[in-house]
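Engineer: Dropping the sequence and predicted coords here.
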Amino acid sequence: MDTARTPAGETAESSDAPAPPAPEPPASPSSSPSLGTKVRSAARWSLINTVVMRLGNFATGIVLARFALGPAEWGVYGIAQTVLLVLLSANELGVGLAIVRWEGDARRFAPTVLTLSALSSGLLYVALFAAAPTVAGLLGSPDAAGVLRVMCLCVVIDGVAQVPGGFLTREFAQGKRMLIDGLNFVISTSVTLLLAFEGWGAMSFAWGAVAGNVVTLIGCGLAAPGTLKFGWDPGQARALLRFGLPLAGASMLALAVVNVDTMVVGATLGNVSLGFYVLAFNISGWPVRIISEAARRVSFAGFSRLAESPQALAQGFSRALGVLITVTVPLCVLLAGLAEPIIHLVYGGQWVPAAAALPWLMALGLIRIGSELAYDCLVAIGQRRSLFLVQGLWLAALIPVLLLAARLNGIVGVSQAHVLVAGGMVVPVFLFALSRGGIGVGRIARACAWPFLGGAVMAVIVLGLERRFGDGRIALLAIGTIALAAYTVCVLPSRDFLRGVDRTHRGRHRSPAPVRPTQQDMR
């Protein structure tokens, strides 16, 4: 099971404990190509990895939904997965991100990180094991208790894997990570399918997740040899906890924001409605997981390297946002505009009720992509108070709105409430926080303008042609092709910005003599 983690990190220092190594000076122009090369290579491997894994998970989900599991089983799985993700957001107390963020020799403090991470994860699992029946009952799914106890074994495994996994992220070793994730997928999927067709229901997901996480732990340990060594330094432990605890809290808030809707739907509407909602939410997450996760595996490390240069950071963030939004918008528009025929074609008629919530969740998915990138950037520049403000306000506003909307309009109301809170309150707060960090609204608007225009044109084309052509397979293919062609034409004017090419600047400085290239962030 591939679970997303929210990176967070800022170097903490202590007067009474050995301070983390001092940051290195900003890179010189001659050294920046090395960073740019690492980031580009890691981004390519990460994108390939994420696309391949998500396509595999997509195919597995179709098989399970069509032939093995119904909405009620998916609802139980949704509850267990939600609890697991929330626990994973802070199971290692945030200290694992020190491996990625702190400068200097990470192996010096890695044993202390491993001890803290393993200890906190183990204690968290013991507490969950004891409270599983109560938690499942409160979430409206008493049958989920056993699944919770098994699936959340991943909390302990993940806590141990934090250190070797952090070293792979620190070194941009996404090629190795792709191999590890591939093995995880093969083992976890095989176990899940085998148990599902044997009648294990939602428990098949749990044991599949455990098997996959064991493979990831072994793979990361082999790929980063010598990193699974326990140790203890009290001074380092104090510095690590001061560094990690606030950020673990912010991560937990971020994961709670994403998963509180599952808890609300399960508690108010029951397992069947929750199953439909989980399917729709998973579909809406295709662009988020394929595009955003690939970027986030390198974005935090990349932004951390640029944090000392506000201008470079602003340019790097705006370009990264532009690329993500440009790639994601057409996927969101197609899935939103053709929700019902796509779900019917892919999953079968019994899952069509999920289509009503999907257009709203696609809008939420687009907002999530931008907010997650902004989160990584704010973490990299040390804006911890801004993160707490954004995530705290988001969660505080979201819970009562979701509860009211669920009772008024079911899963559609929950989806609409998500978009209302995220678009109306959270986006402006994120924009304000980024502007305080030196990334102005103008840069963000430039990054999003052409993709949003292209998305509007696509939406008009999709809705108009669907009425004319119908929703058969050939019609869907034709509509998608025409809409994507129109979108491509709309975003062509932004191609130089996305590539980091300044034609005006380049034209003013022509010279017959060779000129050393200027530094460009994130290239």
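Structural biologist: Received it, and whenever you're ready, just let me know what you need.
Engineer: buried residues in stretch 122-134?
Structural biologist: 124, 125, 128, 132 (16 or more other CB atoms under 10 Å). Yep, even glycine has a C-beta here, placed from its N, CA and C like the rest.
Engineer: how near is the last one to residue 265?
Structural biologist: Counting by CB to CB, to the nearest Å, the gap from residue 132 to residue 265 is 20 Å.
Engineer: got any ranges where the stretch 51-200 of the chain has weak pLDDT?
Structural biologist: Applying pLDDT under 70 to the stretch 51-200 of the chain flags no residue at all.
Engineer: before we move on, back to that, can I get the buried residues of stretch 122-134 in CSV including distance to residue 486?
Structural biologist: Putting these into CSV (distance: CB to CB, whole Å) gives the following:
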residue, distance to residue 486
124, 50
125, 51
128, 49
132, 51
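Engineer: Show the pLDDT at residue 37.
Structural biologist: On pLDDT, residue 37 comes in at 67.
Engineer: correction: residue 323
Structural biologist: Looking at residue 323, its pLDDT is 85.
Engineer: and the buried residues of stretch 122-134 as JSON lines, adding distance to residue 329 and secondary structure?
Structural biologist: Below are those laid out as JSON lines (distance: CB to CB, whole Å; DSSP: H, G, I helix; E, B strand; the rest coil):
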{"residue": "124", "distance to residue 329": "38", "secondary structure": "helix"}
{"residue": "125", "distance to residue 329": "40", "secondary structure": "helix"}
{"residue": "128", "distance to residue 329": "39", "secondary structure": "helix"}
{"residue": "132", "distance to residue 329": "41", "secondary structure": "helix"}
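Engineer: Just give me the neighbour total for residue 423.
Structural biologist: 14 (other CB atoms under 10 Å).
Engineer: Pull up the gap between it and residue 394, please.
Structural biologist: 11 Å.
Engineer: mind listing what residue 447 touches?
Structural biologist: 318, 319, 321, 322, 325, 497 (CB atoms under 8 Å, 6 or more residues apart in numbering).
Engineer: Just the buried residues of the residues you listed.
Structural biologist: Listed as buried from the contacts of residue 447 are 318, 319, 321, 322, 325, 497; burial here means 16+ other CB under 10 Å.
Engineer: what sits against the fourth one?
Structural biologist: In other words, residue 322. Contact analysis of residue 322 by CB under 8 Å, 6+ apart lists 446, 447, 448, 451, 494, 497, 498.
Engineer: do the same with the third one
Structural biologist: Counting by CB under 8 Å, 6+ apart, residue 321 touches 370, 373, 444, 447, 448.
Engineer: Find the nearest non-adjacent residue to the fourth one, please.
Structural biologist: With CB to CB, 6 or more residues apart in numbering as the measure, residue 322 is the residue that lies nearest to residue 447, at 3.6 Å, once sequence neighbours are left out.
Engineer: buried ones in the one helix or strand that neighbour maps to?
Structural biologist: Element membership for residue 322, per DSSP states H and E: helix 310-337. For helix 310-337, the neighbour count (16+ other CB under 10 Å) marks 312-337 as buried.
Engineer: Kindly report the same for stretch 450-459.
Structural biologist: Of all the residues in stretch 450-459, those buried under the rule 16+ other CB under 10 Å are 450, 451, 452, 453, 454, 455, 457, 458, 459.
Engineer: what sits up against that stretch?
Structural biologist: 322, 325-326, 329-330, 332-334, 336-337, 483-484, 486-491, 493-494.
Engineer: Lowest-confidence member of the contacts of residue 322, which is it?
Structural biologist: residue 498 (76).
Engineer: who touches it in this structure?
Structural biologist: Residues in contact with residue 498 (CB under 8 Å, 6+ apart) are 319, 322, 323, 326.
Engineer: now, which of those sits nearest residue 259?
Structural biologist: Nearest to residue 259 among the contacts of residue 498, counting by CB to CB, is residue 323 at 27.0 Å.
Engineer: how about the helices in the stretch 51-200 of the chain?
Structural biologist: Taking DSSP state H, counting those that start in this stretch, the helices of the stretch 51-200 of the chain run over residues 71-88, 98-101, 110-138, 144-151, 153-170, 174-197.
Engineer: Output those helices as TSV; include the columns distance to residue 234.
Structural biologist: Putting the helices of the stretch 51-200 of the chain into TSV (distance: least, CB to CB, whole Å) gives the following:
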stretch	distance to residue 234
helix 71-88	27
helix 98-101	16
helix 110-138	9
helix 144-151	34
helix 153-170	19
helix 174-197	32
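Engineer: Could you export the contacts of residue 498 as TSV, including distance to residue 103?
Structural biologist: Below are the contacts of residue 498 laid out as TSV (distance: CB to CB, whole Å):
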residue	distance to residue 103
319	24
322	29
323	27
326	33
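Engineer: between the residues you listed, which is nearest residue 80?
Structural biologist: Comparing these against residue 80 with CB to CB places residue 323 closest, at 34.2 Å.
Engineer: Which residues are in contact with the nearest residue to residue 449 once chain neighbours are set aside?
Structural biologist: Nearest non-adjacent residue to residue 449, counting by CB to CB, 6+ apart: residue 494, 7.7 Å away. Applying CB under 8 Å, 6+ apart, we find residue 494 in contact with 322, 326, 449, 450, 451.
Engineer: May I ask which two of those are separated the most?
Structural biologist: The largest separation in the contacts of residue 494, counting by CB to CB, is between 326 and 449 at 10.6 Å.
Engineer: hang on, the earlier thing: with the contacts of residue 494 in mind, which one is nearest to residue 251?
Structural biologist: Ranked by distance to residue 251 (CB to CB), the contacts of residue 494 are led by residue 322 at 25.9 Å.
Engineer: how much space between the closest one and residue 490?
Structural biologist: For residue 322, the distance to residue 490 - CB to CB - is 14 Å.
Engineer: ok, now residue 275?
Structural biologist: With CB to CB as the criterion, residue 275 and residue 490 are 37 Å apart.
Engineer: Between these two, which has more neighbouring residues?
Structural biologist: residue 275 (27 against 19).
Engineer: how far away is the more buried one from residue 239?
Structural biologist: 45 Å.
Engineer: Then residue 438?
Structural biologist: Taking CB to CB as the measure, residue 438 falls 27 Å from residue 239.
Engineer: Likewise for residue 135?
Structural biologist: Here residue 135 is placed at a distance of 33 Å from residue 239 (CB to CB).
Engineer: Looking at these two now, which is surrounded by more residues?
Structural biologist: In terms of neighbours (other CB under 10 Å), residue 239 is the more surrounded of residue 135 and residue 239; the figures are 25 against 18.
Engineer: Just the element for that one, please.
Structural biologist: Residue 239 is located in helix 234-269, with elements delineated by DSSP H and E.
Engineer: Now do the phi/psi pair for residue 439.
Structural biologist: Phi and psi for residue 439, reported as degrees, to the nearest 10, are phi -110, psi 100.
Engineer: Wait, it touches residue 317, no?
Structural biologist: Yes. Between residue 439 and residue 317 a contact is recorded at 5.4 Å, counting by CB atoms under 8 Å.
Engineer: Find residues that contact each of those two.
Structural biologist: The contact sets of residue 439 and residue 317 overlap at residue 377 (CB under 8 Å, 6+ apart).
Engineer: If we ignore the residues flanking it in sequence, what's nearest residue 310?
Structural biologist: Leaving out its chain neighbours, the residue that sits closest to residue 310 by CB to CB, 6+ apart is residue 438, at 4.0 Å.
Engineer: Provide a list of residues in contact with the one you found.
Structural biologist: With contacts defined as CB under 8 Å, 6+ apart, residue 438 is in contact with 310, 311, 313, 314, 381.
Engineer: and what of residue 148?
Structural biologist: By CB under 8 Å, 6+ apart, the contact set of residue 148 is 79, 80, 83, 84, 128, 132, 135, 136.
Engineer: Share the number of residues neighbouring the last one, please.
Structural biologist: The number of residues packed around residue 136, counting by other CB under 10 Å, is 23.
Engineer: I'd guessed it sits against residue 152; true?
Structural biologist: No. Counting by CB under 8 Å, residue 136 stays clear of residue 152, with 11.6 Å between them.
Engineer: Give me the common contacts of these two.
Structural biologist: By CB under 8 Å, 6+ apart, residue 136 and residue 152 have no common neighbours.
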